[in-house]
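**Q** Need coordinates for the below:
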Amino acid sequence: MGAHETMHIVFGVFGNLNGLLLFLAPTITFKRIIMKRSTEHFSGIPYVMTLLNCLLSAWYGLPLVSKNNLLVSTINATGAAIELIYVLIFLLFTPKKDRGKITGLFTSVLGVFSSVALISVFALHDNNRRLFCGLAASLFSIVMYASPLSIIRMVIKTKSVEFMPFFLSLFVFLCGTSWFIYGLLGRDPFVAVPNGFGCGLGTVQLILYAMYRDKKPKTGKPTPDGSSLEMGLEKPLEGKQSDSQQSQKELV
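**A** Got it, this is the predicted structure:
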């Protein structure tokens with residue numbers, strides 16, 4: 001095995017480790033959900049969409065579709081299992097009015113993945129199969145990485161990193177960088193391009209964290225978009241309204 005192949009495997013293993021940390025980041029949120037038996041103001045959409053990304057990426061990494069990408073399949077199959085647990089917990093504790101929406105999205109995700117898998121197996125062969133599955137996986141990887149853009153916008157506007165956790169930003173950067181280099185070494189644009197995008201966004205988040213970590217937030221800060229990949233962060237204004245209502249009840 002040459003140095004090039006060795007480095008390819010090393011960055012794949014490193015990507016697996018960082019990817020696992022990224023997938024496990026929301027466990028604190030779900031511990032809170034289970035203890036309170038309520039999803040409160042958390043959004044379940046990011047977990048359903050991340051599940052789709054993991055399923056498509058795991059499928060792309062199989063030898064049936066692409067060569068020398070088994071490490072891509074291992075971490076994304078693990079991620080899919082973790083995200084599935086998150087989605088099921090969310091469905092268990094979310095209010096009935098939101099359960100239908102999440103269930104519908106979850107069903108759509110399974111339908112999209114099944115369609116991609118079936119088309120790639122029965123209608124496409126060799127390079128066309130790899131191209132089709134690679135484009136699908138890349139598209140949803142970019143969507144997953146791009147989802148914190150609303151948080152980045154809020155950080156710039158409020159000059160506060162209160163709702164952008166440092167370790168989440170760090171894991172996004174490390175995971176994106178590892179798989180970006182892995183994709184370059186393997187000459188695989190379907191791995192390199194979306195993860196290069198993730199590496200760039202992770203870099204921006206870390207720079208913003210360094211700039212604003214010691215600054216107090218402005219008053220009247222906006223609520224982050226509920227559909228962003230907040231890894232379970234609660235909407236700040238809604239949380240404050242609940243606290244205010246509770247205080248008023250106590251005074252009465």
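
**Q** all helices of the stretch 51-200 of the chain, in order?
**A** Ranges of helices within the stretch 51-200 of the chain are 70-93, 96-122, 126-146, 149-158, 166-185, 189-212, based on DSSP state H, counting those that start in this stretch.

**Q** rank those by pLDDT, which is bottom?
**A** Of all the helices of the stretch 51-200 of the chain, helix 149-158 carries the lowest average pLDDT, namely a mean of 82.

**Q** list the buried ones in that one?
**A** Neighbour counts over helix 149-158 (16 or more other C-beta atoms under 10 Å) mark 150, 151, 152, 154, 155, 158 as buried. (Glycine included, C-beta is placed from N, CA and C.)

**Q** from the residues you listed, which is closest to residue 176?
**A** Set against residue 176, the nearest of the buried residues of helix 149-158 by C-beta to C-beta is residue 152 (14.4 Å).

**Q** In this structure the closest one contacts residue 204, no?
**A** Yes - under the criterion of C-beta atoms under 8 Å, residue 152 makes contact with residue 204 at 6.4 Å.

**Q** Tell me which residues touch the nearest residue to residue 44 once chain neighbours are set aside, please.
**A** Distance criterion C-beta to C-beta, 6 or more residues apart in numbering; nearest residue to residue 44, sequence neighbours excluded, is residue 90 at 4.1 Å. Shown in contact with residue 90 (C-beta atoms under 8 Å, 6 or more residues apart in numbering): 33, 39, 42, 44, 47, 102.

**Q** gap between residue 90 and residue 202?
**A** 25 Å (C-beta to C-beta, to the nearest Å).

**Q** quick one, phi/psi of residue 62?
**A** Backbone torsions of residue 62, given as degrees, to the nearest 10, read phi -70, psi 150.

**Q** Grab the nearest non-local neighbour of it.
**A** Leaving aside its sequence neighbours, residue 62 sits nearest to residue 73 (C-beta to C-beta, 6+ apart; 5.5 Å).

**Q** where's that neighbour relative to residue 25, distance?
**A** In terms of C-beta to C-beta, residue 73 sits 21 Å off from residue 25.

**Q** What of residue 208?
**A** For residue 208 relative to residue 25 (C-beta to C-beta), the value is 18 Å.

**Q** again with residue 19
**A** From residue 19 to residue 25 the distance is 11 Å (C-beta to C-beta).

**Q** Report the contact partners of the closest residue to residue 57 other than its chain neighbours.
**A** Distance criterion C-beta to C-beta, 6+ apart; nearest residue to residue 57, sequence neighbours excluded, is residue 76 at 4.1 Å. By C-beta under 8 Å, 6+ apart, residue 76 lies in contact with 19, 53, 54, 55, 57, 58, 61.
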